[in-house]
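> Quick check, what structure comes out for this input:
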Amino acid sequence: MKILLTIALAAICGAAGALPAVATEQVYRPVSPTFGGNPLNGTFLLSTAQAQGYGAKSGQNSPDLSGLNQALSNLGNAGTVATPTIIINGTAIPTNP
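You can find the predicted model right below:
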């Protein structure tokens, strides 16, 4: 029984190894006409970019770091002791340490 199983396994492996490998060559085709792509794509790419808009201006979406700046400015001042405060949705809630 072991011999029959070994022969069957060898036959399956041999048949699988004999199958031709199916592969195609990968060819890079640029889309943008700037990099050698089809010149007819230029107007489509330009209209797509214009439809997306200009995006956010630099610094427009920056977070509010005023609390961090205040905490860092008080760092190292041994004479002042700050009370911890929790800020939820812009409302300051004092805590009792």
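> After the longest helix seen in the chain, which helix or strand is next?
Secondary structure of the chain read by DSSP state H shows that its longest helix is helix 2-18. Using DSSP states H and E, the next helix or strand after helix 2-18 towards the C-terminus is helix 41-52.
> now stretch 23-37, how far from the chain's geometric center?
Stretch 23-37 has its C-alpha centroid displaced from the chain centroid by 24 Å (Cα atoms, centre = their mean, to the nearest Å).
> Would you mind checking the average pLDDT for that stretch?
Average pLDDT, stretch 23-37: 85.
> ditto for stretch 75-95
The average pLDDT for stretch 75-95 rounds to 72.
> What's the end-to-end length of it?
Criterion Cα to Cα, to the nearest Å; first-to-last residue distance in stretch 75-95 is 20 Å.
> tally of neighbours for A15?
9 (other Cβ atoms under 10 Å). For every residue, glycine as well, the C-beta is placed using N, CA and C.
> typo on my end, it should be P39
8.
> Also P20?
Number of residues near P20 (other Cβ under 10 Å) recorded here: 5.
> again, but for P33
P33 has 14 nearby residues by other Cβ under 10 Å.
> Quick check: it touching F44?
No: using Cβ atoms under 8 Å, P33 makes no contact with F44, being 10.2 Å away.
> related to what we said a few turns ago, give the other helices and strands that the longest helix of the chain contacts.
On a contact count with 3 or more Cβ pairs under 8 Å, 6 or more residues apart in numbering; DSSP states H and E, helix 2-18 meets no helix or strand.
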